[in-house]
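Novice: With the input below, show me the fold.
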Amino acid sequence: MRSGDLFDSRIETMVVQANGINFEVDTCGDGDCLALCLHGFPEHSVSWRFQMPMLAELGYKVWAPNLRGYGNSDTPSELQAYSLEVLMEDVASLIEVSGCREVILIAHDWGAVIAWHFVMRQPEQVKKLIICNVPHPVPASAALADGWAQLKKSWYIFFFQLPWLPEWLMAQNKDGLGRMISESATHPENFPPDVIDFYNENASRPKNLTAMLNYYRALVRGGGAARQRRLGYPVISVPTLMVWGEADTALGVETTYGTDAQVSDLTIRYLPGISHWVQQDAPDSVNAMLSAFLQGLPVPEYQAESA
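Specialist: Residues are numbered from 1 along each chain as shown. Below is the predicted model:
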C-alpha cells in the first residue's frame, strides 16, 4: 500500500509475474472485468491514483502496473526488450494473469502508444479503450510531416536516440523530471512532493533511466515504428474515448485531427488549459468523462475545475 494521505487506503501494491519478468502493480477493487491502466514517460503507476478508486467503485478490478523499467518492476538491459512487440506482450500477459475475461484499457502518454497498437493487433482482447494525450500513429505521422510545428515539439525523441549523453545530462539534474511535470501542470497542487518523489526516483537509478529512454530508442533506431507501419493500421472498431489536455507542450491538438478516420466508434473530449498530465491535472473532470463512457452514458464536456 502506498503510504501517506495522498493515496487511497484501498490501493494496495503487489508483485505480478508476467511475460517472464516481475511487475510492481498497484491494485484496487475486485470484479470480473479488468481496468488496466498504463502510465507514461517519465511517470509511475501513482499517476492513476485519482482514477483507481473511482474505477473500483464501478465494479472493476483495477491494475496499474509500473511498466518494465519503471518503479520496482524488472529492468531488462537489452534495447529490444523495450520494443513495441514486447510491450504488447506485457499487456497480453498481464491480462491473462489477471484472470479477467473482459478488459478496459486506459492509457496515457507512452502507455497510450502501447495501447493504440495493442488494440489494432489484438482487438478481441479489449472491450473499451480510453486514451489520454497521445495521438493515433496515423494522424501523429501526418502532423510530423506537415511542417516544423510538431517536429520542434518532438525534439526530445530525436535527442533520446543518442547513446549515453541523455542519461548523463539527466543524471546531473535528478530532480529535473519531477520538476518538469509539476511546472508544466496547470494545477501543480495536484503534484505534491510525495508524488514528484516517485517520478524523480526513476531518474535517480541509472538502470531505470536508461530503460525509460530505451522505449524511444527501440521505437526509432530499433525499428519498432517502421515494423508497425509495414503491418499497416487497421481501423479500430473498439469503442474509444480520447481525453485531451489542450495545453500540452509536447503534442499539439492538431495531432488528434483525423482520428475519426482511424477509429469507427470515437468520442473525443478536449480540456482547454489543461496540460499533458491530464488525468492528474483535472482528475474530477476526467473521472466524470471516464465514468460516463464506461457506463454507456453521454460523456460530459469539460468544466473548468477550481484550484
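Novice: Identify the residues contacting residue 37.
Specialist: Going by CB atoms under 8 Å, 6 or more residues apart in numbering, residue 37 touches 45, 48, 51, 52, 55, 62, 63, 64, 106, 107, 111. Where C-beta positions appear, they are placed from N, C-alpha and C, glycine not excepted.
Novice: check which helix or strand covers it.
Specialist: Assessed by DSSP states H and E, residue 37 sits inside strand 33-38.
Novice: And the following helix or strand past that strand, what's buried?
Specialist: Helices and strands here follow DSSP H and E; after strand 33-38, the next one along the chain is helix 52-57. If you call a residue buried by 16 or more other CB atoms under 10 Å, then helix 52-57 has these buried ones: 52, 53, 54, 55, 56.
Novice: Tell me the one of the residues you listed nearest residue 136?
Specialist: Checking the buried residues of helix 52-57 against residue 136 by CB to CB gives residue 55 as the nearest, at 23.5 Å.
Novice: The closest residue to residue 121 other than its chain neighbours and residue 170: what is the separation?
Specialist: Of all residues not flanking residue 121 in the chain, residue 88 sits nearest, at 6.4 Å (CB to CB, 6 or more residues apart in numbering). Residue 88 is 27 Å from residue 170, where distance means CB to CB, to the nearest Å.
Novice: Looking at those two now, which is surrounded by more residues?
Specialist: residue 88 (20 against 17; other CB atoms under 10 Å).
Novice: Which strand or helix spans the more buried one?
Specialist: helix 84-98.
Novice: Using CSV, write out the CA atom coordinates for that helix.
Specialist: Extracted C-alpha coordinates of helix 84-98, given in CSV (Å, rounded to 0.1, in the frame of the first residue of the first chain):
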residue,chain,number,x,y,z
LEU,A,84,6.5,-2.4,-29.2
GLU,A,85,6.1,-6.1,-29.8
VAL,A,86,7.5,-7.0,-26.3
LEU,A,87,5.5,-4.2,-24.6
MET,A,88,2.3,-5.5,-26.2
GLU,A,89,3.2,-9.0,-25.0
ASP,A,90,3.5,-7.5,-21.5
VAL,A,91,-0.1,-6.2,-21.8
ALA,A,92,-1.4,-9.6,-23.1
SER,A,93,0.4,-11.4,-20.3
LEU,A,94,-0.9,-9.1,-17.6
ILE,A,95,-4.4,-9.6,-18.9
GLU,A,96,-4.0,-13.4,-18.8
VAL,A,97,-2.5,-13.4,-15.3
SER,A,98,-5.4,-11.2,-14.0
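Novice: Need the contact partners of it.
Specialist: So helix 84-98 is in contact with 16-19, 23, 25, 34, 36, 38, 61, 63, 65, 67-68, 80, 103, 105, 113-115, 117-118, 121-122, 125, 215, 218-219, 224-225, 227-228, going by CB under 8 Å, 6+ apart.
Novice: go again using 7 Å as the cut-off
Specialist: Identification of contacts with helix 84-98 by CB atoms under 7 Å, 6 or more residues apart in numbering yields 16, 18-19, 23, 34, 36, 61, 63, 65, 68, 103, 114, 117-118, 121-122, 125, 219, 224, 228.
Novice: again, but for stretch 137-155
Specialist: So stretch 137-155 is contacted by 116, 228, 233, 249-252, 254-259, 262 (CB under 7 Å, 6+ apart).
Novice: wouldn't residue 184 be in contact with residue 248 here?
Specialist: No. Under the criterion of CB atoms under 7 Å, residue 184 is not in contact with residue 248, lying 8.8 Å apart.
Novice: between these two, who's got more neighbours?
Specialist: Neighbours per residue (other CB under 10 Å) separate residue 184 from residue 248, with residue 248 holding more: 21 against 17.
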